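Peer 1: Here is my input, please return the structure:
(chains A and B)
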2 protein chains.
Amino acid sequence: MITSYARPCIISLETIKSVLPGIDLFNAISNGFIEYSKGNAVIPPVGELLFDSPPGEVHIKYGYINSFPYWVVKIASGFSDNPSLGLPSGNGLNLLFSKTNGNLSAILLDEGYLTSLRTAVAGALATRALCSCKESKVGIVGTGTQGRMQLEYLRKIIEVDEIYLWNRNISHASLLADELKVEGIRATVTPDLEDLCRKCRIIITTTPATEFLIKDSWIHPGTHITAIGSDTAEKNELEPSLLDRADVVVTDSISQSQFRGEVFMATKAGLMKTRQPLELGALLNGECQGRINDRQITIADLTGVAVQDLMISYSVYEQVKSLKNKCNDY
Amino acid sequence: MITSYARPCIISLETIKSVLPGIDLFNAISNGFIEYSKGNAVIPPVGELLFDSPPGEVHIKYGYINSFPYWVVKIASGFSDNPSLGLPSGNGLNLLFSKTNGNLSAILLDEGYLTSLRTAVAGALATRALCSCKESKVGIVGTGTQGRMQLEYLRKIIEVDEIYLWNRNISHASLLADELKVEGIRATVTPDLEDLCRKCRIIITTTPATEFLIKDSWIHPGTHITAIGSDTAEKNELEPSLLDRADVVVTDSISQSQFRGEVFMATKAGLMKTRQPLELGALLNGECQGRINDRQITIADLTGVAVQDLMISYSVYEQVKSLKNKCNDY
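Peer 2: This is a model prediction of the structure:
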C-alpha cells in the first residue's frame, strides 16, 4: 500500500543537455504528431497570458496521448525586453504527471530550451517531408535562437550545400554566417529578402513579425516554406494570398490553425475558403500526399502542439531514469 | 549585468505547512478577490483536462493582478480511484513567475493542499459576508477534506455552536463528528439532508455530486448556502430553481459562472434570466449589498479563481523568503 506520493524528479537544464545525445528526437516527435493526427491525443486549446509592461507573452500547452503513461503541462514565456537586462527572452519549464494517479513525476527546468528544440525538430521533419530537396540552398529568415536551431536540425536530416541568411539586423545575420563558415559551410548574408526567395527553394521563417515579410510574388515554383514564427493570432510572416496560391498547405494542428498562425491569417483575410490544410502527422504517417512534383509550392505552418512537449519531456525523463543519480534532489 | 536566470525556490509541502501560521490568509485572499472584481487582474478561462481510465480531472488556473510582481500557474488534479491505492485523490502544485522577466521564482510542491486551503478560506469569507449569523448552527454537506477545511476556517472567523453533518457514506460523517466531539463541539450526524436543511441557517456543500442533492423546497427563509462542490459544467449540488428563488446570489467570478458551477446550471435550465449574480470581491469591498434582513435566502457559488492561487502562493513565498534556508536546494 502506497501512502504518499513519490517525490518528483527535478531535472536541470544541464542534465537535459547531457542526456539529449542518447535520444532519437526525430522519431519521438514524429510519433507524437502521428498519434495526434490519428485522433489518439487529447490536446485542449492553448492557454495564453499577455503582459504589457514589460511586454511579455506566455503559452501554456498541455494534454496527453492515450497510449502514453504521462500527461504534460508546458509553460513557455517570451519577455522581449530581457536581452537589455542580459537575460535570454525565452524561458519556461515542462511538467510530466502520471496518468495513473495524477502525481507529478518530473519537473524539467529547461528554461525554454526544450520548446526551442522540439520546434526545430518539427520544422526539420516538415521541411524534409515537403521540400523538393533537389536543390539544397536553404534560406533562413530570422537568425535568432530558433533560426539557428532550425538550421542545425535540418542539417541532421537533409543535405544542405549553401545557406542564405536574412535578418532585420544584418550584423546579427553576419555573426551566424561567420560561425557557419568556420564549420566549412557556404553562408551568404543578404539584406534583400526577395533575393533570398529567388535563390532558395527551401525557406525557413523564424521571426516575430506581426506584418508579413514575404510577398506572394517573390516565391518561385518549386519552393517549400516552413513558417515557424507565427504562433499567435497576431504574428504573420507570409502574405496571405501565398497560402491560397500554394499547392500544398500543411499545419501541425488543424484545430489550432483556426485561431493562430499563417493559415489563420489567410482565413481571416477571406482566403483558404475551399480547402482545409493537411495535418503534419497524417503526412508523416503517409496518410495523405504532400508534394507531387518539383514545380509545386508547399507551405508548412507550425504553431507548436503539446504532443511535441509531451514526447520530448517523456524522452528526456526516460533517459534520465535509465541513468542513475540524474534526478536532482531538493 | 545578470547573465542567467536565478534558480527557482523549491518549497515542499512540509515547509508550506510550517510557514502558514505566520500568514493572514483571510486578508490576502480577500484582497485578491477585491482586485479581481475591480478589474485589476488578468485571469484567462480555466484550462481543463479529463481522463477516462482511471478517471481523473485536472484544472489549470493562471493569471496575475496588475499591482503584484508575480504571475501564477496552478495545476490541481483529482483522481477519484486514488484512495483505493492508498493515495489522496487530490494533488497539484503552484508555480510563481516574475512579471519583470518571466523567470520561474518558486515551485510550491503543495500536492493540492494550497488549493484546498484557498478554497476553504474563500468559503469562510463568503459565508461570513452573507450569513445572517444570528443562529450558529452549521450544516456541512460532504465530510471529505474540503468539508472539514471549510468548517475549520469558518470557525476561525464566526462563532459556531452546533454542527450537523451529512455524507453519502454515513460512517464517514460519524468519524468527523467523533473528532469534533473530542474538541468539545456539538456535532450531530444526520442521514436526512432535508432535516439538516431544516435545522441549519448556514449550509456548506462540498460534494462531487453531478445531480443536485439539495431541493429548493427544503431551504427555509434566512438560510445562507455556500456551494463549493460544483466547479465544472457537470457538477451540481443545488436544485436550479433555488438560485432563482434566492434573494442574493454571489459568485467568485461572474465570467467563470457562465461556464461552470451552480449559476451555470441554473442558466442552463433557463433560469436566472433577469439577474446577474453579484461578485464576491465587490461584496467584500462593500461595493454591493449582500443580505439585508434575516429572512433572505443567500447563496455563494464558488468555482475557484486564479487570484486565490496567486495570493496564497505569493504569501507563502514571501514568508519563506523572509525566513532563511527555507528554499529546498536541488
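Peer 1: Check the burial of the nearest residue to A:A233 once chain neighbours are set aside by counting its neighbours.
Peer 2: Closest residue to A:A233 apart from its sequence neighbours, by C-beta to C-beta, 6 or more residues apart in numbering or on different chains: A:R260 at 5.2 Å. From N, CA and C alone the C-beta is placed, and that goes for glycine too. A:R260 has 24 neighbours, counted by other C-beta atoms under 10 Å in any protein chain shown.
Peer 1: before we move on, what about the one 4 residues further on?
Peer 2: Burial of A:F264 is recorded as 25 neighbouring residues (other C-beta under 10 Å).
Peer 1: again, but for A:E14
Peer 2: Neighbours around A:E14, by other C-beta under 10 Å: 9.
Peer 1: just to revisit the earlier point, which residues are in contact with the residue nearest to A:A233?
Peer 2: If you count contacts by C-beta atoms under 8 Å, 6 or more residues apart in numbering or on different chains, A:R260 has them with A:V46, A:S230, A:D231, A:T232, A:A233, A:T303.
Peer 1: out of these, what pair is the most spread apart?
Peer 2: A:V46 and A:S230 (13.3 Å; C-beta to C-beta).
Peer 1: In terms of neighbours, single out the busier of those two.
Peer 2: Using other C-beta under 10 Å as the criterion, A:V46 and A:S230 rank with A:S230 on top: 26 against 21.
Peer 1: Now do the contacts for the more buried one.
Peer 2: A:S230 sits next to A:A209, A:N236, A:E237, A:R260, A:G261, A:E262, A:M265, A:D301, A:T303 when contact means C-beta under 8 Å, 6+ apart.
Peer 1: cutoff 7 Å now
Peer 2: Going by C-beta atoms under 7 Å, 6 or more residues apart in numbering or on different chains, A:S230 touches A:N236, A:E237, A:G261, A:E262.
Peer 1: out of those residues, which one sits closest to chain B?
Peer 2: Comparing those against chain B with C-beta to the nearest C-beta places A:G261 closest, at 19.3 Å.
Peer 1: Determine the number of other residues adjacent to the closest one.
Peer 2: 29.
Peer 1: residues in contact with stretch A:47-57?
Peer 2: Taking contacts as C-beta under 7 Å, 6+ apart, the residues outside stretch A:47-57 that touch it are A:58-60, A:77-81, B:42, B:44, B:47, B:60, B:62-63, B:71, B:99-100, B:102.
Peer 1: Repeat that for stretch A:160-173.
Peer 2: A:136-143, A:151, A:154, A:176-177, A:180, A:185-191, A:193, A:196, A:199-200.
Peer 1: Buried ones from those residues, can you make that a ChimeraX selection?
Peer 2: In ChimeraX, a selection of the buried entries from these looks like this (16 or more other C-beta atoms under 10 Å in any protein chain shown):
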select /A:136,137,138,139,140,141,142,143,151,154,176,177,180,187,188,189,190,193,196,199,200
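Peer 1: Okay, and which of the contacts of stretch A:160-173 map to strands?
Peer 2: Judged by DSSP state E, the subset of those located in strands is A:K137, A:V138, A:G139, A:I140, A:V141, A:R186, A:A187, A:T188, A:V189.
Peer 1: The contacts of A:S230 also near chain B: which ones?
Peer 2: Taking C-beta under 7 Å from any C-beta of the partner chain as the test, chain B is in contact with none of these.
Peer 1: Grab the two from those residues that are most spread out in space.
Peer 2: A:E237 and A:G261 (9.6 Å).
Peer 1: where's the most centrally placed residue in chain A, which helix or strand?
Peer 2: By C-alpha atoms, centre = their mean, chain A has its centre lying nearest to A:T119, at 2.2 Å. Using DSSP states H and E, A:T119 sits in helix A:113-130.
Peer 1: Can that helix be said to contact chain B?
Peer 2: No: on the criterion C-beta under 7 Å from any C-beta, helix A:113-130 is out of touch with chain B, staying 11.7 Å away.
Peer 1: Extract the C-alpha set from that helix and format it as CSV.
Peer 2: This file holds the C-alpha atoms of helix A:113-130, laid out as CSV (Å, rounded to 0.1, in the frame of the first residue of the first chain):
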residue,chain,number,x,y,z
TYR,A,113,15.3,25.1,-24.3
LEU,A,114,13.0,22.1,-24.9
THR,A,115,10.4,24.3,-26.5
SER,A,116,13.0,25.7,-28.9
LEU,A,117,14.3,22.2,-29.6
ARG,A,118,11.0,20.4,-30.3
THR,A,119,10.1,23.3,-32.6
ALA,A,120,13.4,22.9,-34.5
VAL,A,121,12.8,19.1,-34.8
ALA,A,122,9.2,19.7,-36.0
GLY,A,123,10.4,22.2,-38.6
ALA,A,124,13.1,19.9,-39.9
LEU,A,125,10.6,17.0,-40.1
ALA,A,126,8.1,19.2,-42.0
THR,A,127,10.8,20.5,-44.3
ARG,A,128,12.1,17.1,-45.2
ALA,A,129,8.6,15.8,-45.8
LEU,A,130,7.6,18.6,-48.2
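Peer 1: just how off-centre is it within its chain?
Peer 2: Centroid separation for helix A:113-130 versus its chain: 5 Å, with C-alpha atoms, centre = their mean, to the nearest Å.
Peer 1: Report the angle between it and strand A:137-141.
Peer 2: Counting by axes from the mean of the first three to the mean of the last three C-alpha atoms, to 10 degrees, helix A:113-130 lies at 140 degrees to strand A:137-141.
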